[in-house]
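*Asks:* Sequence and predicted structure are below.
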There are 2 protein chains.
Amino acid sequence: MEYSEAKQKFIQAWGTLGSNWGINKAMAQIHALLLLATEPLSAEEIMEELQMSRGNVNMNLRALMDWGIVKKEHKVGERKEFFTTGKDVWDLAKQVSKERRRREIEPILNVLEEVQKVSGDNKKEVAEFKKVTGDLFDFSVKVDSMIDKFTKSDQTWFYKLLMKF
Amino acid sequence: MEYSEAKQKFIQAWGTLGSNWGINKAMAQIHALLLLATEPLSAEEIMEELQMSRGNVNMNLRALMDWGIVKKEHKVGERKEFFTTGKDVWDLAKQVSKERRRREIEPILNVLEEVQKVSGDNKKEVAEFKKVTGDLFDFSVKVDSMIDKFTKSDQTWFYKLLMKF
DNA sequence: CAGTACTTTCAAATATTATTGAAAGTTAAT
DNA sequence: ATTAACTTTCAATAATATTTGAAAGTACTG
């Protein structure tokens, strides 16, 4: 397989995977491109390679920086900005987990906690409600703590985890 | 807090969480409603409670059945169909993990494996490409095997896992 | 078999989300 | 202070995804 074909295929697949996971396609594709790059890329180069508008590239680069997975760089003597992403898959997974935890698990924990305050245990529906939301809360707390451990761990942690079974 | 308010809040939140995870809002809300129900619900009742069209309820119920998390039931003497969902959070998590593994991890593994066949190791870009996609592949295989273990485990597995740290 | 009580389908309408591109903003050099 | 090189913003547009509702399909009942 030709390099250019493989590259396209990978960028495409990464974009699709991203969409499945609530990350927009352009964002995932820019990230894929940076993952493959052997040196920092400018917005211009990204526009060119992915055939995207300047605005789109700019917005998604900012989103990637918000997620903490892309960094700006400056080259000496160059005025424009260049972008890079870390190549360590473990770091990437940790960073993404950390952000999703903050953005998604925390809000649901808050809701689950709040709705537990419902009144009227005597009614069958309310009892069921408390049971279900309580179970979900307990589960979410456990997932949350697991992710927390993961994001603070090193690579070997996960290996060890797998060994255990 | 009133029961009806808490219920609304929970259904709403579950819908939002679903959207974040690539599950459409209606599907997640129907699931939430079934989670709270103390007895099987008919399509009619779901339409009524969630203010959704018949077609939408029908399609999303089918999707939930495809995911293996909602079941049809028949009441004696009743002609229409009723629906239920399991109330065990662990089973639910396992089922969802299993389906997402099949639908999402497997395809990406295939792509990563395929693009590894790129030719021309001598070039810097190709070397980088192989390294990055190879690392992603290794990582994905590990995640895959972890999920596989999870979906085959019982509740205590996760507890034990948490204890280890 | 005809009628009734339901479920399913799907093309069209609506809502949501992503993308563009041109104008406004910023910064650095002269 | 002006210009040039670049970045950011955002209203308009395009693309995508969801929802509707009415018609078609199915199957039970008498």
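*Replies:* Yep, it's here.
*Asks:* Spell out which residues of chain A are next to DNA strand D.
*Replies:* Proximity of chain A to DNA strand D (C-beta under 7 Å from any atom of the strand) is limited to residues A:19, A:42-44, A:54-55, A:58-59, A:61-62, A:78-81. (Each C-beta comes from the backbone N, C-alpha and C, glycine too.)
*Asks:* Of the residues you listed, which fall within the contact range of DNA strand C?
*Replies:* Restricting the residues of chain A next to DNA strand D to contacts with DNA strand C (C-beta under 7 Å from any atom of the strand) yields A:54, A:55, A:59, A:79.
*Asks:* Now the two most distant members of the residues of chain A next to DNA strand D.
*Replies:* Using C-beta to C-beta, these span at most 34.4 Å, a distance reached by A:19 and A:79.
*Asks:* between these two, which one's more packed in?
*Replies:* Set side by side, residue A:19 and residue A:79 show more neighbours around residue A:19, with 14 against 6, by other C-beta atoms under 10 Å in any protein chain shown.
*Asks:* OK, contacts around the closest residue to that one other than its chain neighbours?
*Replies:* Counting by C-beta to C-beta, 6 or more residues apart in numbering or on different chains, residue A:19 lies nearest to residue A:25, which is 5.2 Å off, once chain neighbours are set aside. Residues near residue A:25 by C-beta atoms under 8 Å, 6 or more residues apart in numbering or on different chains: A:15, A:16, A:18, A:19.
*Asks:* For ChimeraX, what selects the buried ones among the residues you listed?
*Replies:* The ChimeraX selection below is limited to those of those classed as buried (16 or more other C-beta atoms under 10 Å in any protein chain shown):
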select /A:15,16,18
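*Asks:* distance of residue A:74 from residue A:82?
*Replies:* 7 Å (C-beta to C-beta, to the nearest Å).
*Asks:* what's the answer for residue A:126, then?
*Replies:* 58 Å.
*Asks:* count of residues packed around residue A:140?
*Replies:* 19.
*Asks:* Wait, it touches residue A:108, no?
*Replies:* Yes - when contacts are counted by C-beta atoms under 8 Å, residue A:140 is listed as touching residue A:108 (6.1 Å).
*Asks:* which parts of chain A sit against DNA strand C?
*Replies:* Checking chain A against DNA strand C by C-beta under 7 Å from any atom of the strand, the hits are A:24-27, A:51-56, A:59-60, A:79.
*Asks:* Spatially, which two of those residues are the most separated?
*Replies:* By the measure C-beta to C-beta, A:25 and A:79 form the most distant pair in the residues of chain A next to DNA strand C, at 29.9 Å.
*Asks:* and the residue nearest to the spatial centre of chain A, what helix or strand is that in?
*Replies:* Nearest residue to the geometric centre of chain A (C-alpha atoms, centre = their mean): residue A:96, 3.3 Å. Per DSSP states H and E: residue A:96 is located in helix A:89-100.
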